[in-house]
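In: here is my input; please provide its structure:
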Amino acid sequence: MNPSRRPVAKLSPFGITSIHSRNPYMVWWWSAAFPGFGHFLLNQYLRGTFLSLSEVIFNTLGHVNQAIVYTLCGNFAEAKAILEPRFVIGYIIIYFVAMWDCYCSAVYQNKLYRIARLENEPLPNMTLFTSEVQYIQPKSPLAAAVISLLFPGMGQLYNHRIGLAFYAIFWWWLYVVLSHAHESLIHLLSGRLTESIAVLSAHWLLFMPSVIGGSMYHAFLIAKEHNLLFSLGQRQYLAERYRSSAVRIFGKSGDNG
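Out: Sure thing, here's the model as predicted:
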């Protein structure tokens, strides 16, 4: 059997890519919250990038977020009038296909993960690239989540997901600028509530809660998984290093002494 047929993790200049057991329904839920986010949880970054871009483009062209705002305000006629059916149909198709695809991928990756753990291929510990140094180290999941709350994308940078980090940072700046969130905050802190509300762009603002939540959850989960990878790598190293040792730290099974 080829020992590298099903590796658990791989290091590249863009970060640590690994497979882990996932709850398919949680992956499905995050894809429903923002198409592409479920695929990011599965380390399928090209799919996630394509789908998240599709979500923003088709949502904007179809005026979906504006229609949601009108609907929540009870203005159903305005919501119906503002929608662009040509783009809304494409949006709906991509939305449901993304949910279906990430659920199926999660189910299959769980099977691959169980087989990969049985094969127990040695994990990489550190790799030097021309542009980057990548290594598996213990992380604080709480720290990853908190810095993602402060600025989405920073938690991914903390977890060495370089490409995803700058992709998230770029889009967060775009959401902030186009929604006028910072201007609204300044007006609010100055006591000008009317101006604070008036300056906001609801379309771009509605993207932001999902982005914050998704960034926090992804950063927290990946940090936990890096800790598991570090422990697994240490266990593999020690088992190989002291394979021939006569010392038994824990004694034999059933030994009460």
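In: OK, contacts around the most centrally placed residue in the chain?
Out: The chain has residue 218 as the residue nearest its centroid, 3.7 Å off, counting by CA atoms, centre = their mean. Applying CB atoms under 8 Å, 6 or more residues apart in numbering to residue 218 gives the contacts 37, 40, 41, 148, 155, 156. Every C-beta, even on glycine, is put in place using the N, C-alpha and C of the backbone.
In: could you list the low-confidence segments of this protein?
Out: Across the chain, residues meeting the criterion (pLDDT under 70) sit at 1-4, 245, 247-257.
In: show me the strands in it, by range?
Out: Counting by DSSP state E, the chain has strands at residues 9-12, 15-18, 126-128, 133-135.
In: which of those is buried the deepest?
Out: strand 15-18 (a mean of 20; mean count of other CB atoms under 10 Å).
In: re the thing from before, how far away is the residue nearest to the centre of the chain from residue 154?
Out: 12 Å (CB to CB, to the nearest Å).
In: joint contacts of those two?
Out: Common neighbours of residue 218 and residue 154, using CB under 8 Å, 6+ apart, are residue 148.
In: the nearest residue to residue 185 once chain neighbours are set aside: neighbouring residues, count only.
Out: Leaving out its chain neighbours, the residue that sits closest to residue 185 by CB to CB, 6 or more residues apart in numbering is residue 196, at 7.5 Å. Residues near residue 196, counting by other CB atoms under 10 Å, number 18.
In: ok, residue 196 - contacts?
Out: Applying CB under 8 Å, 6+ apart, we find residue 196 in contact with 184, 185, 187, 188.
In: just how off-centre is stretch 115-130 within its chain?
Out: Averaged C-alpha coordinates place stretch 115-130 at 22 Å from its chain's average position (CA atoms, centre = their mean, to the nearest Å).
In: how about the helices in the protein?
Out: All helices of the chain, identified by DSSP state H, fall at 24-33, 37-41, 45-62, 64-72, 76-82, 85-119, 141-150, 154-158, 162-179, 181-189, 193-198, 202-205, 208-241.
In: to residue 125, which of the ones you listed lies closest?
Out: Proximity to residue 125 (CB to CB) singles out helix 208-241 among these, at 5.7 Å.
In: any buried residues in the closest one, and which?
Out: Across helix 208-241, burial judged by 16 or more other CB atoms under 10 Å covers 210-223, 225-227, 229-230, 232-233.
In: what do you get for stretch 60-79?
Out: 60, 62, 63, 64, 65, 66, 67, 69, 70, 79.
In: OK, contacts around the last one?
Out: By that I understand residue 79. Counting by CB under 8 Å, 6+ apart, residue 79 touches 66, 67, 68, 70, 71.
In: over to the third one?
Out: Each residue near residue 63 by CB under 8 Å, 6+ apart is listed here: 82, 83, 84, 203.
In: generate a PyMOL selection restricted to the buried subset of the residues you listed.
Out: Applied in PyMOL, the following selects the buried portion of those according to 16+ other CB under 10 Å:
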select buried, resi 83+84+203
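In: going by distance to residue 142, which of the contacts of residue 63 wins?
Out: Set against residue 142, the nearest of these by CB to CB is residue 203 (32.7 Å).
In: so who does the closest one touch?
Out: Counting by CB under 8 Å, 6+ apart, residue 203 makes contact with 60, 63, 65, 66, 69, 179.
In: ok, so of those, who is nearest residue 90?
Out: Once CB to CB is applied, the member of the contacts of residue 203 that ends up nearest residue 90 is residue 60, at 12.1 Å.
In: thinking residue 169 is in contact with residue 152, fair?
Out: Yes - Residue 169 lies in contact with residue 152 (CB atoms under 8 Å); the separation is 7.4 Å.
In: more neighbours, these two?
Out: Applying other CB under 10 Å to residue 169 and residue 152 shows that residue 152 carries more neighbours, namely 25 against 17.
In: any idea how far residue 174 is from the more buried one?
Out: 11 Å.
In: OK, contacts around residue 246?
Out: Applying CB under 8 Å, 6+ apart to residue 246 gives no contacts.
In: hang on, isn't residue 182 packed against residue 173?
Out: No - contact criterion CB under 8 Å: residue 182 and residue 173 do not qualify, at 10.3 Å.
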